[in-house]
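Kindly generate the corresponding structure for this input.
(chains A and B)
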Protein chains: 2
Amino acid sequence: MRIGLQAFLSGVVAASAFGQGQPAGGGFVKEFGTMWTFDAPPLEYWKARYGFEPSAAWLENARLSAVRIPGCSASIVSSAGLVMTNHHCARACITAVSPPDSNFQAIGFVARDEASERRCPGMTADQLQSITDVTARVRGAVTGAGATPGRRVAQRDSAIAAIEQDCARESGGTCQVVGFYQGGRYSLYRFHRFTDLRLVMEPEEEISFFGGDPDNFTYPRYDLDMTFLRIYQDGAPLRPTNYLRWSAAGAKEDEPVFVVGNPGSTGRLLTLEQMAYLRDVQYPALLETYAEQIAAYKQLASMGESARRQYENTIFSLENSQKAVRGYRSGLVDSAIMARKTGFERDFRTRIAARADLRAKYGAAWDNIAKAQKELASFARETRFQAFTGSSLLGVAGALVRLPEQAALPDSARLPAFRGDGLARARAAVLRPQPVDTAYERLLLAAQFRMAQRNLPAGDPFLRAALAGRTPDAAAAALVGGTRLASVEARTMLVEGGAAAIAASTDPMITLARAINPLATGHAMRALGINAVISANVELVGEAIFAAYGTSLPPDATFTLRISDGVVKGFPMNGTIAPYRTSFYGLFGRSAEFDDQPPFRLTDRWKGARDRLDLGTALNFVSTNDIIGGNSGSPVINRAGEVVGLIFDGNIESLPNRFIFTDEVARSVSVHSQGILEALRKVYGAERIARELGVRD
Amino acid sequence: MRIGLQAFLSGVVAASAFGQGQPAGGGFVKEFGTMWTFDAPPLEYWKARYGFEPSAAWLENARLSAVRIPGCSASIVSSAGLVMTNHHCARACITAVSPPDSNFQAIGFVARDEASERRCPGMTADQLQSITDVTARVRGAVTGAGATPGRRVAQRDSAIAAIEQDCARESGGTCQVVGFYQGGRYSLYRFHRFTDLRLVMEPEEEISFFGGDPDNFTYPRYDLDMTFLRIYQDGAPLRPTNYLRWSAAGAKEDEPVFVVGNPGSTGRLLTLEQMAYLRDVQYPALLETYAEQIAAYKQLASMGESARRQYENTIFSLENSQKAVRGYRSGLVDSAIMARKTGFERDFRTRIAARADLRAKYGAAWDNIAKAQKELASFARETRFQAFTGSSLLGVAGALVRLPEQAALPDSARLPAFRGDGLARARAAVLRPQPVDTAYERLLLAAQFRMAQRNLPAGDPFLRAALAGRTPDAAAAALVGGTRLASVEARTMLVEGGAAAIAASTDPMITLARAINPLATGHAMRALGINAVISANVELVGEAIFAAYGTSLPPDATFTLRISDGVVKGFPMNGTIAPYRTSFYGLFGRSAEFDDQPPFRLTDRWKGARDRLDLGTALNFVSTNDIIGGNSGSPVINRAGEVVGLIFDGNIESLPNRFIFTDEVARSVSVHSQGILEALRKVYGAERIARELGVRD
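The predicted structure follows:
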């Protein structure tokens, strides 16, 4: 029998540190996942877990074959600079290169030859050249305890800027100082930036996003979410030293695989109290708002076919956000998952308490955070509702009321959004013409008032000012119907009239904003102070984590290059088991089973290719690698360093991994390299690309 | 937009009663489901819900086309007596008609012509002829309040026997008195029994049970769980007046469909307290036992390949029971589902309390049941462990110890199992030679002891007697290793030696059984008294339900003919949506996605037929009909009375329906009539049957 990752990593298993430069301590904690940095690959763990000992050349090839593109990951997969990423990562390029009379997003694009490859305007790809620890230089720039928190932040930021500028000047590369462990460590990442990327091939959206929003974040899955680009240098295809070879066989069940890419953001170092705040305050409020917004948009969409089309995408998008937040929260309400986190925090605090120097420096941080989070929670309902939210007209009214008031204050006493050039930007924003959908404004504002009624005590000043004894619907109708703020002229007169015009205005939205403003500003300033305390202590916890565990715990995601290990593996689902991979049979099946209706419709190109396809070919697969948004487009490679897949999503069970990594049922979802090749050849006639991938029949 | 069933039926929607003979009151309560009896079809509800008004002839044809076969349902689907049921309902026949050198279960069977059809030994099919209310005759036979509960039960049972005998004598049919509403109503069901059924066609098990235990109770699904039989009368195929026509198009999304069959058993009339007992006492104990048994069998199975084969089926079967019980319990722990039940019980008790006569007769029943259930719960741990369970050797020892003791008592004072001819049967049972698997006995007994340790207080007399200071493993090893009860000779000597031999025995298992026996007997007698109280009050609740709601609430399942309405409809699942139907593409897909490994392997016959099949053909589908075990093999018919499908399972989300019916995600799973026809023609070359189904190209 195989040794399961969970068995190997259950609890805190002592292990020595590895890689260069890590401090004393160490130990694996499964809940922190496997987003390893390239300067601290967990070589001993890989050896023990998989019997896998990559050479320095293997690691270097993985690192230099990976490129970061805007918002996503990608990799170089041929000796002629071919780049593989997701279709959903290349949308901006695909749209930009579509001719006026055509929509490549809808119909797909295959360049016959190099000359037909189309340049993606403004697109760049960053290749990671080196990583240097600059923690000492950043810390050294911050003078002692005498400085205010604001001063210390400014010192740190200017040190970081100086390091980045020095690096860029010396190397000619693109340089970024990345804070790890919430500020526990700083590393200088130096990149080579490629600036000429061209579109080589992309399938139509109906196959790249087959199953649409319903299937998004789920598995089993049948998406060909791929796009091929090419890097050009000096007008010719790049001839890279490093690129990934292709595996025609692709991912096999139970084999270890590695994802090389740029996970965007995780919250695994958050303390228990920070997670509790998300679970009990922030996410419930967000979910309540989504539910009200979805209901309002559905009401609008029910008005007729054109309304349905107008609001459909907004509804889908909100439902997807709802799905995601519910997923994030589901881990936080799972007592078994939270028990692991609790166990870790206990171990962590015990390690800190055990050494006098660490205890003195970090010991109070958790309680300081807890106290601050509790204070934030104590007026969270007021912060949420005694505010200019729920309608863009109310938002505009709030900005109009605040403009003269904030302008009269010294810069440092203003609300952050009005500091520096914020004031000018806020002014420009309210003067910009914007279409106002009054039906939508009325419904959303009524929904906001209903939520306020549910959440605030009866005599609350916001409720008194907003409702004045009316129902939420009546109040919203009167406000939206009575205000003139939809007109740029009205807004301009109020801006130019300054404080006197605001004070004299009888516009009902301005009147309401004037009543809310002292409350809203008070909450904002109070939260500002509390959040500064949280930030300072979060940084202490980050330093403490690094002091106690070193790089044996991978840091939270930072949208910089990581390598995550995992295993190709199905999972228990819905009373049965999900297979480790899907097939073209399954694709045609899911389409047939929804009677070929969108978003399960297959294009004519695919229907026509059916008899050429080997329908048993693997299309998507799942693995236990640790990924999150930003990893989209990452290559999945095997022990030989060959591409076996292309990351494009996680299953719905993986959403809680944002906070606590688990791999019992959480899975990464990839396009299988077999499926990519089969589609290139049999559907897209792109034998040129298949050959370039170095695969021969 | 369609009006959802849940909107229509949410809460208790007033509606007048229908059908014949129902008392005042009425109202739909969704939680009681839709297993309607044929003497009280909900005509007004169907009209309101579907605009469907079946004629008397429609209902008669549905009733007379349905036949009940042992443990299952079936239907007549041709003018030549062809009968459709599930493959898993015909196993006994299939095994019996297999020639010595062949296994039709594994390879399938298709009769070329009538002469090749093989008679199923002992198989019968019952066709429901009439339903007569006999409540008054049954009640009249029970004399007043003076009689003991036992006497009243005997009076009732002999009245029922007399009614059945009178009916059989007068009609020559098969007659059964069915108690509905827990004894609130009695109906005489008269059947015509067909006794010559022959096997016509059955597919191989790898396709009829494709996906095996993992996919069992789940959907999406890809099973051809069908078998065709034929009724013969006087040596020739039956020429029935009533049979179901075939729909080649089959079930369509959103259409109303009706399931005609024999649901076996539900517990929807249970009171809240009875459900709480299942949820908190009985099911947790069962689940703990399953878990220990599965662990023990897995340990045995890990000993080698032959052990794996030996125990594999037992493990699967236990895992399936575990899946089912977890599913049943999941509804009982779901606060939203239980809130509906609580709401109903409140409404129900209010109705009873509102009428003095009903209040006087029924008002105390709920509290009486609650008190009795609480008392049962108070010694449930002792009943469970101070008993002869966990090992068949211990069970034999218990029977040996009890035999002379119970024989010495007057019949009415004995434990129920030893009353009447029970004594002789118990004696015969212990004297029968039985193979004993000592490895298994030791593990299971140790597991039982471990559970006892977890559940009982430290000084418990059972623990003292069983363990005597040893570990569970050591005690089990000593008991199983030391006893001679595996030998028939040893058992015979003890039986023949009577009480003296038992008292003198030093066999460790007998010694333990002697110590347990007074405790076990005490608990059993105490439970007997309490259960009599529960039975009497449950019957009162049943009468009260019928008094308050009449036949507008369908009674609990009784394995007699029902007609359930529903709609063909997918459901939300695992973050996305399950389609209303699956396809042959999906079948080949699921096989490919598990690399054609069992239980997802396709036979060569199916692989060979692939290119002949229209892979988009519907294979299985789901609908909101209300079914449970016993419904297997039921036809699904459309408004035209045509067969659109064949019930064979429910999804895992439907398991809680045993207690509280819901249709948000619970679904019945059927083979689609399209898929049946496609397989008959393209895979099995059974054009003869296809033609007989009356379908022409």
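
Can you show me the strands along the stretch 501-650 of chain A?
A:562-567, A:571-573, A:576-578, A:581-583, A:618-623, A:635-637, A:643-650 (DSSP state E, counting those that start in this stretch).

Could you export these as TSV, including distance to chain B and mean neighbour count?
For glycine as for every other residue, the C-beta is placed from the backbone atoms N, C-alpha and C. Converted to TSV, the strands of the stretch 501-650 of chain A look like this (distance: least, CB to the nearest CB, whole Å; neighbours: other CB atoms under 10 Å in any protein chain shown):
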stretch	distance to chain B	mean neighbour count
strand A:562-567	16	24
strand A:571-573	6	17
strand A:576-578	4	20
strand A:581-583	4	29
strand A:618-623	8	30
strand A:635-637	18	29
strand A:643-650	11	27
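
Near A:Val153, how many other residues are there?
The tally of other residues near A:Val153 (other CB atoms under 10 Å in any protein chain shown) stands at 16.

and of the strands of the stretch 501-650 of chain A, who's closest to A:Leu444?
Closest to A:Leu444 of those, according to CB to CB: strand A:643-650, at 30.1 Å.

Hey, what's the angle from the closest one to strand A:618-623? Just curious.
On the basis of axes from the mean of the first three to the mean of the last three CA atoms, to 10 degrees, strand A:643-650 is oriented at 70 degrees to strand A:618-623.

interface residues of chain A facing chain B?
A:211, A:214-215, A:217-218, A:220, A:253, A:323, A:327, A:573-577, A:579-583, A:585-590, A:592-595, A:615-616, A:651-652 (CB under 8 Å from any CB of the partner chain).

Quick one: buried ones out of those?
A:211, A:214-215, A:217-218, A:220, A:323, A:327, A:573, A:575-577, A:579-583, A:585-590, A:592-594, A:615-616, A:651-652 (16 or more other CB atoms under 10 Å in any protein chain shown).

What about those, which are in helices?
A:214-215, A:323, A:327, A:585-590, A:592-593 (DSSP state H).

Turn those residues into CSV, columns for pLDDT.
Shown next, in CSV, are those (pLDDT from 0 to 100):
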residue, pLDDT
A:Pro214, 91
A:Asp215, 95
A:Lys323, 90
A:Gly327, 92
A:Tyr585, 98
A:Gly586, 98
A:Leu587, 98
A:Phe588, 98
A:Gly589, 98
A:Arg590, 98
A:Ala592, 98
A:Glu593, 98
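
Would you agree A:Pro554 is in contact with A:Glu31?
No. Counting by CB atoms under 8 Å, A:Pro554 stays clear of A:Glu31, with 11.1 Å between them.

how far does the longest helix along chain A sit from the chain's center?
Assignment by DSSP H gives helix A:508-549 as the longest helix of chain A. On the basis of CA atoms, centre = their mean, to the nearest Å, helix A:508-549 sits 22 Å off its chain's mean C-alpha point.

got a list of contacts for stretch A:380-399?
The contact list for stretch A:380-399 (CB atoms under 8 Å, 6 or more residues apart in numbering or on different chains) reads A:281-282, A:285, A:426, A:429-430, A:434, A:436, A:441, A:444-445, A:447-449, A:451-452, A:455-456, A:460-462, A:476, A:479-480, A:483, A:485-486, A:491, A:507, A:509-510, A:512-513, A:516-517, A:519-520, A:523-524, A:527.

Could I get the buried residue list for that stretch?
A:380-399.

Equivalent analysis for stretch A:107-121, please.
A:108-111, A:117-120.

Which one of the residues you listed is nearest to A:Ile534?
A:Cys120 (40.2 Å).

wait, the closest one sits on A:Phe228?
No. Using CB under 8 Å, A:Cys120 makes no contact with A:Phe228, being 11.9 Å away.

which two in the buried residues of stretch A:107-121 are spaced the farthest apart?
Maximum distance among those (CB to CB): 18.3 Å, for A:Gly108 and A:Arg119.

you'd agree A:Thr266 is up against A:Ala557?
Yes. With contact defined as CB under 8 Å, A:Thr266 and A:Ala557 form a contacting pair (4.3 Å).

any common contacting residues for those two?
A:35, A:628.

Centroid-wise, who is the farthest residue in chain A?
Most distant from the centre of chain A: A:Ala504, at 44.6 Å, with distances by CA atoms, centre = their mean.

so the residue nearest to it when sequence neighbours are not counted is in which element?
Nearest residue to A:Ala504, sequence neighbours excluded (CB to CB, 6 or more residues apart in numbering or on different chains): A:Gly497, at 7.8 Å. For A:Gly497, the enclosing helix or strand under DSSP states H and E is helix A:488-504.

what sits up against that helix?
With CB under 8 Å, 6+ apart as the criterion, helix A:488-504 contacts A:396, A:400-401, A:403-405, A:408, A:427, A:430-433, A:484-485, A:505, A:507, A:510, A:514.

switch the cut-off to 6 Å
Where contact means CB atoms under 6 Å, 6 or more residues apart in numbering or on different chains, the residues beyond helix A:488-504 that reach it are A:400-401, A:404, A:430, A:433, A:484.
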